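> Build the 3D model from these lines:
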Amino acid sequence: MSNCKLVNDKVEKLIASLTPELQELTDRGAKIISDGGLVAFPTETVYGLGANALSESAVAEIYKTKGRPSDNPLILHVSSIDMAEKLVKWNEKAEKLAEAFWPGALSLVLPARDIVPSKTRGGLATAAVRMPNNAIALALIKKSSLPIAAPSANISGRPSPTEASIVTSEIGDKIPLVIDGGQTIFGVESTVIDITTERVVLLRAGGVSKEEIEATLGEKVFAPQTESEVRRSPGTRYRHYAPLVPLFLVEQDEEIAESKKWFWIGTKEARFSLTKPLAEKICLDYNEYARELFKTLREAEKVGAEIIYAEKPTEVGIGLALQDRLVRAASKR
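Just a heads-up that it's a prediction; the model follows:
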């Protein structure tokens, strides 16, 4: 059985698992997208704000609704490898990675084909594609027969939404449909890697770890060396994920460790720990921390905390993605 068929079979099974109510909502959402409108929907990472990736006018509405800089490229979400190959110039590394991680939280940057509008790819010669591991997202793509450009469904620079209620409160009055698929699984965005050349470059850490990619390809994954490389990924050149409360990174916080909690929120301050408490085994791991991070940043705002102290994660596994998000969310003061 070909790799393409294996991936497509996974997609079909996911879409078939949707309830009748969600089938109806994705039918409606696909119609909105086909007509040039915007739909917010869940993926396994965060909620996305989707539009027809091949329509410049539809993509322009994404930038307008989010207040997003127009040179910040968008990821193209697909429901098949065939669809991806029509958007970018596929290669052997893409084939290996898609087989290993699609559907999943991995975006591949490759040379773009002419069919992808310049506005969708932020004026670049490359485009990022991924296949989300979420039945609602895949149904929207499949039913609309279109690749969907979808950054996070929030105002640009704010913590990414992991629940539909957050999307509704922030941009719900600006778009015709928000599909509620519950809380997302990962809580941080997809990993973005550049495979346009022999040298594999990690542009953004995310749901798939650097170690997993290296094991799959059998080669080292490098950090970006030039501004040109950095520009090929969304969410890497501007301050992102920032709460309204000033956030400061610390190396280690013994007070948090003694509290036996990952997150502690008070009326004056909030503390985010990545140190395992010594006195008792905690039930959460780093993946669960990631799932709750953006939601907890917003909770600290709601209770009126005046400052957030967050321990700096180690650069191992999903810890690299957590470090990236916290650094971008941190106050410049």
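> Need the single longest helix in the protein, by residues.
helix 286-302 (DSSP state H).
> okay, that one in PDB with CA atoms only?
Output of helix 286-302 as PDB, limited to C-alpha atoms (Å, rounded to 0.1, in the frame of the first residue of the first chain):
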ATOM      1  CA  TYR A 286       5.300  18.700  29.900                       C
ATOM      2  CA  ASN A 287       2.700  17.800  27.300                       C
ATOM      3  CA  GLU A 288      -0.100  18.600  29.700                       C
ATOM      4  CA  TYR A 289       1.700  21.800  30.700                       C
ATOM      5  CA  ALA A 290       1.800  22.800  27.000                       C
ATOM      6  CA  ARG A 291      -1.900  22.000  26.700                       C
ATOM      7  CA  GLU A 292      -2.800  24.400  29.600                       C
ATOM      8  CA  LEU A 293      -0.200  27.200  29.000                       C
ATOM      9  CA  PHE A 294      -2.100  29.600  26.800                       C
ATOM     10  CA  LYS A 295      -5.300  29.100  28.700                       C
ATOM     11  CA  THR A 296      -3.600  29.800  32.000                       C
ATOM     12  CA  LEU A 297      -2.000  33.000  30.600                       C
ATOM     13  CA  ARG A 298      -5.500  34.300  30.000                       C
ATOM     14  CA  GLU A 299      -6.700  33.100  33.400                       C
ATOM     15  CA  ALA A 300      -4.000  35.200  35.000                       C
ATOM     16  CA  GLU A 301      -5.400  38.200  33.200                       C
ATOM     17  CA  LYS A 302      -8.900  37.500  34.400                       C
END
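> In terms of secondary structure, what does the very next helix or strand once past that helix contact?
Remark: after helix 286-302, the chain's next helix or strand is strand 307-311, criterion DSSP states H and E. Applying 3 or more CB pairs under 8 Å, 6 or more residues apart in numbering; DSSP states H and E, one finds that strand 307-311 contacts strand 247-250, strand 269-272. Placement of C-beta: from N, CA and C, glycine included.
> Go through the first one and flag the buried ones.
Just to be clear, that refers to strand 247-250. Within strand 247-250, the residues scored as buried using 16 or more other CB atoms under 10 Å are 247, 249.
> Same check on stretch 77-96?
The neighbour-count check on stretch 77-96 (16+ other CB under 10 Å) flags 77-81, 83-85, 87-88, 90, 93-94, 96 as buried.
> what's the most distant pair in these?
Maximum pairwise distance among those (CB to CB): 21.1 Å, between Ser79 and Lys93.
> In the stretch 101-250 of the chain, where is pLDDT below threshold?
Scanning the stretch 101-250 of the chain for pLDDT under 70 picks out the ranges 227-240.
> can you give me the helices for it?
Using DSSP state H, counting those that start in this stretch, the helices of the stretch 101-250 of the chain run over 135-144, 164-171, 210-217, 227-230.
> can I get the ones you listed in a markdown table with distance to Thr26 and mean neighbour count?
Shown next, in a markdown table, are these (distance: least, CB to CB, whole Å; neighbours: other CB atoms under 10 Å):
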| stretch | distance to Thr26 | mean neighbour count |
| --- | --- | --- |
| helix 135-144 | 4 | 25 |
| helix 164-171 | 14 | 19 |
| helix 210-217 | 30 | 17 |
| helix 227-230 | 35 | 14 |
